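**Student:** Sequence plus predicted model, see below.
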Amino acid sequence: MTSTDQDLLFFNEAREKILTGIERIVDLTAYTYGPMGSNIKVVSEHSTSYFSPRTSSIVQDIELVNKFEKLGEHFTKALIQKVDREFQDGSCLAILLLHALVKNGLDKLQKNQHADQICQEMKEGLEFLYKELDEKSFAIENESQLSQFISGLLPKNQNVGLLLNELFQEIGLEGDILIESCAATDHFAQILPGARIDSGYVSPYFCDSKEKDKATLDFPLLLLLDAPLNNIHSFLTLFKQLGKAKEQLIILAHDIEPNVLATLSINHLQGNFKICPLKGPKDPKKREALFQNLAKASGTTAFKDIKMLQSSNAIKQLGRLKKAIVYKEFSHFLFDDKSLSKSFESLEKLEISLEEETNLDKLQNIQESLSFINGYLGVLYTNSQGEALDQLFDCSRFISSALKHGVVTGGGLALYRAAQSLLESPLGKKAGVQVLARACSNPLTKLIENSGLDSPSLLKKIHSEKDDMGFNAKSGKIEDLRKKTIVDPKRLIKTVLKLSSEGAMDIFKIDALIC
């Protein structure tokens, strides 16, 4: 047998090697799942040793030796990176689902089921599960439920939990909260003028780092360009002024051409100036409203052409923000006090128009403008560092998602109930649907096992109970999880389910490995 032959694996033999790599990781990380999960001590050649309950941190330091099993490591890490962009708290759930999906799927493939057929049936099953989760979701409706929810997320840090609860009560359940590191001796909170906009960075090259997956700009200038940014030469005058003044810049444009984006990213990476371009909403009316509101709040105007910024004092025509934190799908802008003071005259005009306007559409636009400019963001300042800071950051996004998109019963119950409905539906006899549905009971099973209890007998009891009756890992009892506010953000469950399934389907379609 030649060395080339030794580096080739085909069909199920290849997929089994990938599964072995995933199993090596899940055997360790599964112990961190749930409130009764364990801390893992990580001894790394690349960093100091540390204890962690966070799956995403642990997995990054895992390095498998076998080159075929390493592909399982690659698939797992790729999945976690995708999940981390939304929720780092979903990493362990994602790995548990990926492992169960691949294991169940390979069992079907060994029985001569075709990979493409299984994948197609899984997609049908996913659509059913999404609808089930949508139908079973509900909202956190009052301060008492929110307090219970936050307390459950931060059982060892009640002081921070109280601050978060107070912030949401101040800004409302639809509000947004930022987590900021500071040198203070204790945590404290502030309500500051600002807004969330539903536009994110157009390229990860503008992020502070791959791990953080966000761009943070302090006191940046703001360029509002209500036109495509398609000519880099028209930008040169502004480039020179930015570099000379050492200013940071946020660009919000109608569209950004690839060649312009490439030039901006090169200048950013070379450190010529810090910049982050964003695309405005596609809907013309929404884009116009956003640009007008941001112009008023930041003390600038929305330019129709970049050529309007050719003068020697072009940067003085731009707006100013106190801070901008840009994520993949949205951004937080804190407004600068000086810029806001310039907008008082505009506010007064809007308030007068509000009293005089009779057209309902125009009236709604005025109300939205006033709400935007008078808006606030909650800011939690903390002296936490490293992993403790990351946990607070995750927690704030977790809470915001739950409040904005609704929640489902936690403890693995929502997935388990939805999967049971799927098996009982007309789709339930399809092989791919069975692969998906059976994998959805794995998180609940592991939650029970991590509590040191017998999973088969408890699963049997839960199966016969009503919808919201599930396993409370803290009490070790079957209880009404909705009444206990043991819930998960619906978006988290749907996102993890989608990404894990896509990862598994990619593995099913592998016919050969060459390493």
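**Tutor:** Great, that's in hand.
**Student:** what's next to stretch 121-135, contact-wise?
**Tutor:** In this structure, residues lying in contact with stretch 121-135 by C-beta atoms under 8 Å, 6 or more residues apart in numbering are 408, 414-415, 417-419, 421-422, 425, 427, 430-433, 435-437, 440, 490, 493-494, 497-498, 501, 504-505. For the C-beta atoms, the positions are set from N, CA and C on the backbone; glycine is no exception.
**Student:** Return the subset of those lying in strands.
**Tutor:** Among those, the residues falling in strands (DSSP state E) are V408.
**Student:** Please pick the buried ones from the contacts of stretch 121-135.
**Tutor:** 408, 414-415, 417-419, 421-422, 427, 430-433, 435-437, 440, 490, 493-494, 497, 501, 504-505 (16 or more other C-beta atoms under 10 Å).
**Student:** ok, and for whatever helix or strand G243 lives in, which residues are buried?
**Tutor:** Using DSSP states H and E, G243 sits in helix 236-245. By neighbour count with 16+ other C-beta under 10 Å, helix 236-245 contains the buried residues 237-239, 241-242.
**Student:** Now intersect the buried ones among the contacts of stretch 121-135 with the helices, please.
**Tutor:** 414-415, 417-419, 421-422, 431-433, 435-437, 490, 493-494, 497, 501, 504-505 (DSSP state H).
**Student:** got a list of contacts for the strand or helix carrying N12?
**Tutor:** Here N12 sits within helix 11-29, counting by DSSP H and E. Contacts with helix 11-29, where a contact means C-beta under 8 Å, 6+ apart, come from 9, 40, 55, 58-59, 62, 64, 66, 68-73, 75-76, 91-92, 95-96, 98-99, 102-103, 106, 109-110, 507-508, 510-513.
**Student:** Kindly recompute the last result at 6 Å.
**Tutor:** Helix 11-29 is contacted from outside by 55, 58, 62, 64, 68-69, 71-73, 76, 92, 95, 99, 102, 106, 109-110, 507, 510-511, 513, using C-beta atoms under 6 Å, 6 or more residues apart in numbering.
**Student:** Now it: buried residues?
**Tutor:** Result for helix 11-29 [16+ other C-beta under 10 Å]: buried residues 14-19, 21-26, 28-29.
**Student:** what do you get for stretch 270-288?
**Tutor:** Residues 273-281, 287 are the ones in stretch 270-288 that count as buried (16+ other C-beta under 10 Å).
**Student:** Inside strands: which ones of those?
**Tutor:** Judged by DSSP E, strands contain the following of those: 275-279.
**Student:** follow-up on the earlier one: please produce a PyMOL select command covering the buried subset of the contacts of helix 11-29.
**Tutor:** What follows is the PyMOL syntax for the buried subset of those, where burial is set by 16+ other C-beta under 10 Å:
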select buried, resi 55+58+62+64+68+69+71+72+73+76+92+95+99+102+106+109+507+510+513
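**Student:** Which ones among the contacts of helix 11-29 lie within strands?
**Tutor:** L513.
**Student:** Kindly list the longest helix within the chain.
**Tutor:** helix 115-136.
**Student:** and the most centrally placed residue in the chain, what is it in contact with?
**Tutor:** Geometric centre of the chain, nearest residue: E86, 1.3 Å, by C-alpha atoms, centre = their mean. Counting by C-beta under 6 Å, 6+ apart, E86 touches T495.
**Student:** Any figure for the gap between it and G378?
**Tutor:** 20 Å (C-beta to C-beta, to the nearest Å).
**Student:** Figure out the helix or strand that the residue nearest to the centre of the chain lives in.
**Tutor:** Per DSSP H and E, there is no helix or strand for E86.
**Student:** mind showing which ranges of this protein have poor pLDDT?
**Tutor:** Counting by pLDDT under 70, the chain has low-confidence residues at 1-6, 38, 41-54, 88, 210-212, 340-371, 373.
**Student:** switch the cut-off to 50
**Tutor:** Scanning the chain for pLDDT under 50 picks out 1-4.
**Student:** any idea what sits nearest K477, other than its immediate chain neighbours?
**Tutor:** F471 (7.8 Å; C-beta to C-beta, 6 or more residues apart in numbering).
**Student:** Just confirm L444 is within a strand.
**Tutor:** No. Looking at L444 with DSSP: H, G, I helix; E, B strand; the rest coil, it is helix, so not inside a strand.
**Student:** Quick check, it in contact with G412.
**Tutor:** Yes. Counting by C-beta atoms under 6 Å, L444 does reach G412; the two are 3.3 Å apart.
**Student:** So those two - more neighbours on which side?
**Tutor:** G412 (28 against 25; other C-beta atoms under 10 Å).
**Student:** domain ranges for this structure?
**Tutor:** What automatic domain parsing lists as the domains of the chain is 3-137+407-514, 196-356.
**Student:** could those be laid out in JSON lines, adding distance to L167?
**Tutor:** Below are the domains of the chain laid out as JSON lines (distance: least, C-beta to C-beta, whole Å):
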{"stretch": "domain 3-137+407-514", "distance to L167": "18"}
{"stretch": "domain 196-356", "distance to L167": "14"}
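**Student:** winner for burial among those?
**Tutor:** Mean neighbours per residue, mean count of other C-beta atoms under 10 Å, is largest over these for domain 3-137+407-514, with a mean of 19.
**Student:** quick one: that one to chain centroid distance?
**Tutor:** Relative to the chain's own centre, domain 3-137+407-514 is displaced by 18 Å; criterion: C-alpha atoms, centre = their mean, to the nearest Å.
**Student:** which ones are touching T55?
**Tutor:** 29, 32, 91-92.
**Student:** And it, how close does it get to V65?
**Tutor:** In terms of C-beta to C-beta, T55 sits 21 Å off from V65.
**Student:** Same question for K136.
**Tutor:** From K136 to V65 the distance is 44 Å (C-beta to C-beta).
**Student:** just to revisit the earlier point, double-check that the residue nearest to K477 belongs to a strand.
**Tutor:** Yes. Under three-state DSSP, F471 falls within a strand.
**Student:** That one touches G411, doesn't it?
**Tutor:** Yes. Using C-beta under 6 Å, F471 is in contact with G411, at 5.4 Å.
**Student:** what sits against the residue nearest to L423 when sequence neighbours are not counted?
**Tutor:** In space, and not counting its chain neighbours, L423 is closest to A437: 4.8 Å by C-beta to C-beta, 6+ apart. Residues near A437 by C-beta under 6 Å, 6+ apart: 419, 422-423.
**Student:** Just the closest of those residues to D255, please.
**Tutor:** Relative to D255, the closest of the contacts of A437 is L422; by C-beta to C-beta it sits at 40.9 Å.
**Student:** Helix, strand or coil: sort out R196 for me.
**Tutor:** Recorded secondary structure, R196: strand (three-state DSSP).
**Student:** Show me what it bridges to in the sheet.
**Tutor:** Note on R196: beta-bridge partners by DSSP bridges are H332.
**Student:** That'll do, ta.
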